[in-house]
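S.K.: model the structure of this input:
(chains A and B)
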Amino acid sequence: EINLMEELTLKGITQYYAFVQERQKVHCLNTLFSKLQINQSIIFCNSTQRVELLAKKITELGYSCYYIHAKMNQQHRNRVFHDFRNGACRNLVCSDLFTRGIDIQAVNVVINFDFPKMAETYLHRIGRSGRYGHLGVAINLITYDDRYNLHKIERELDTEIKPIPGVIDKSLYVAEYHSEASELEEQTQQQK
Amino acid sequence: PRSKTKVENNNTFSPISPTVMNEEFDFEKNLALFDKAAIFEELDMLNGQVS
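M.R.: Numbers count the residues shown, from 1 in each chain, chains lettered A, B, ... in the order given. Below you'll find the predicted structure:
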């Protein structure tokens, strides 16, 4: 099934940024792992080398992760992605390989460890197929050097990436909480 | 350039002391260092002047 870029949407995805220095990124990510209720996550880096370095770090921190990048052969990539899709591992570190958006419902957290340079890349990483919609949170680690790209991407996609709050409401990205919140809302409306 | 990449990767992936790592990253304190609204206003103005 062909899924054109036009069909990708940011609807349903709550987008946040955390301001960091390069040397704080791994610490920041470690805190995100401990605070977020991750069903499955995808973490994006801007180079194949950084994918490998980050995957190693994440493993050292005690979290399981797979990684894929453009320099791995297609067969290997497909196998890893297939296993990730089947839920064999919670976290996937990768470079920009998805040209049609991520279509894995189980992924509720996407982290841009490195912020992309192009709006199209951002949309491919974060956007979902509008046909199915999605519930999820996207967290962007932003350095001072990323300010131009942050500005450009927000303007081009006509979207807003907000500062990360102290507590992220689980109903924004965790399916069980979302349905509870929706039911409560329905009950309230029925009572009115 | 390769040397710049190497420096950046060293910055990002050099070891962090376990003491620091065990503490929560302070999102609020770091966000306060980045005035997004002011930066965006400035960039919008620059873009406006160019076009």
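S.K.: so who does residue A:96 touch?
M.R.: Going by CB atoms under 8 Å, 6 or more residues apart in numbering or on different chains, residue A:96 touches A:44, A:70, A:116, A:121, A:124-125. No exception for glycine: its C-beta is placed from N, CA and C like everyone else's.
S.K.: inside strands: which ones of these?
M.R.: Among the contacts of residue A:96, the residues falling in strands (DSSP state E) are residue A:44.
S.K.: show me where chain A has its strands.
M.R.: A:8-9, A:13-19, A:40-44, A:65-68, A:91-94, A:107-112, A:128-129, A:136-142, A:162-163.
S.K.: export these to JSON lines and tack on mean neighbour count?
M.R.: What follows is the strands of chain A, written out as JSON lines (neighbours: other CB atoms under 10 Å in any protein chain shown):
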{"stretch": "strand A:8-9", "mean neighbour count": "18"}
{"stretch": "strand A:13-19", "mean neighbour count": "20"}
{"stretch": "strand A:40-44", "mean neighbour count": "23"}
{"stretch": "strand A:65-68", "mean neighbour count": "20"}
{"stretch": "strand A:91-94", "mean neighbour count": "24"}
{"stretch": "strand A:107-112", "mean neighbour count": "23"}
{"stretch": "strand A:128-129", "mean neighbour count": "21"}
{"stretch": "strand A:136-142", "mean neighbour count": "24"}
{"stretch": "strand A:162-163", "mean neighbour count": "13"}
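S.K.: by neighbours, which of the contacts of residue A:96 wins?
M.R.: When neighbours are counted as other CB atoms under 10 Å in any protein chain shown, the busiest of the contacts of residue A:96 turns out to be residue A:44, with 28 neighbours.
S.K.: any regions of chain B where pLDDT drops low?
M.R.: For chain B, the stretches with pLDDT under 70 are B:1-2, B:49-51.
S.K.: redo that, cut-off 90
M.R.: Where chain B drops to pLDDT under 90, the residues are B:1-11, B:16, B:46-51.
S.K.: which bits of it sit near chain A?
M.R.: Counting by CB under 8 Å from any CB of the partner chain, chain B comes close to chain A at B:5, B:8-9, B:11-14, B:16, B:20-21, B:24-25, B:27-28, B:30-31, B:33-34, B:36, B:39-40, B:43-44.
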